[in-house]
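> fold the following for me, if possible:
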Amino acid sequence: MANHELASLLYLAGFTLILVGIVILAMNIIFRRKEARKGEIGGVILIGPFPIVFGTSSRMKKLMLIIAFVSVAVVLLMAFIPHLIQGI
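As a prediction, the model looks like this:
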């Protein structure tokens, strides 16, 4: 796959993810109920390969930890794939 094809594919994937996010937010605004909800917040900060995980509940902390490990694995895999391909 040429570089311009890969760039086009990544551009299309990014645009699609942004569009899906906008649709989900619009559906949330349209279909939300007028009742009290308990909100949970969590996040991941990646500094190099070291994740910093935080959350308001243990459930969110576990979810963010899984997301952090998956993110680190994807970044490491993307970094090492060119070296693995050249070795074949």
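> for stretch 24-38, buried residues please.
Along stretch 24-38, no position meets the burial threshold by neighbour count (16 or more other C-beta atoms under 10 Å). C-beta: built from backbone N, CA, C; applies to glycine.
> dump stretch 9-20 to PDB, restricted to CA.
Extracted in PDB, the C-alpha atoms of stretch 9-20 (Å, rounded to 0.1, in the frame of the first residue of the first chain):
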ATOM      1  CA  LEU A   9      -7.400   5.700   4.500                       C
ATOM      2  CA  LEU A  10      -6.400   7.300   7.800                       C
ATOM      3  CA  TYR A  11      -8.000  10.600   6.800                       C
ATOM      4  CA  LEU A  12     -11.300   8.800   6.000                       C
ATOM      5  CA  ALA A  13     -11.100   6.800   9.300                       C
ATOM      6  CA  GLY A  14     -10.600   9.900  11.400                       C
ATOM      7  CA  PHE A  15     -13.400  11.800   9.600                       C
ATOM      8  CA  THR A  16     -15.700   8.800  10.100                       C
ATOM      9  CA  LEU A  17     -14.900   8.600  13.900                       C
ATOM     10  CA  ILE A  18     -15.600  12.300  14.300                       C
ATOM     11  CA  LEU A  19     -18.900  12.000  12.400                       C
ATOM     12  CA  VAL A  20     -20.000   9.000  14.500                       C
END
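> how distant is that stretch from the center of its chain?
13 Å (C-alpha atoms, centre = their mean, to the nearest Å).
> so Val53, which of the three states?
At Val53 the chain is in strand, as set by DSSP: H, G, I helix; E, B strand; the rest coil.
> and Val53, what does it touch?
Counting by C-beta atoms under 8 Å, 6 or more residues apart in numbering, Val53 makes contact with 42-44, 61, 64-65, 68.
> kindly recompute the last result at 10 Å.
If you count contacts by C-beta atoms under 10 Å, 6 or more residues apart in numbering, Val53 has them with 42-46, 60-69.
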